[in-house]
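1. Okay, predicted coordinates and the sequence, questions at the end:
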Amino acid sequence: MSNKTKLVVGGVAAATLLLLITGSLWITLLVLVGVPAVGYLVLDPSQRKRLRRVTRKQLER
């Protein structure tokens, strides 16, 4: 299984679990979109730059 597939399966599992626990689609979407966004914003500018560079290298393959 590729890394991208594992990420998708984990996202679907997390969304399903959150939806069952909270019962609200909006709260589930807020958590699933908000947590990675806040994690990215917490990084230093140099770390963001390195993350973008690594992501671009993987896309070129």
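-> That came through fine. Treat the numbers as computed from the prediction; the structure is a model and nothing was measured.

2. ok, so what distance separates the closest residue to Met1 other than its chain neighbours from Asp44?
-> Closest residue in space to Met1, ignoring its immediate chain neighbours: Val9 at 7.9 Å, by CB to CB, 6 or more residues apart in numbering. (C-beta placed from N, C-alpha, C; glycine too.) Remark: distance between Val9 and Asp44 (CB to CB, to the nearest Å) = 31 Å.

3. follow-up on the earlier one: what is the burial count for the residue nearest to Met1?
-> When neighbours are defined as other CB atoms under 10 Å, Val9 has 11 of them.

4. Now do the buried residues in the helix or strand encompassing it.
-> In the assignment (DSSP states H and E), Val9 maps to helix 3-22. Neighbour-count burial for helix 3-22, counted by 16 or more other CB atoms under 10 Å, picks out Leu18.

5. tell me the mean pLDDT over it?
-> Taken as a whole, helix 3-22 has a mean pLDDT of 89.

6. So which elements touch that helix?
-> When contacts are defined as 3 or more CB pairs under 8 Å, 6 or more residues apart in numbering; DSSP states H and E, helix 3-22 packs onto helix 25-42.

7. Quick one: name whatever helix or strand follows the helix it packs on.
-> Per DSSP H and E, the first helix or strand lying C-terminal to helix 25-42 is helix 45-60.
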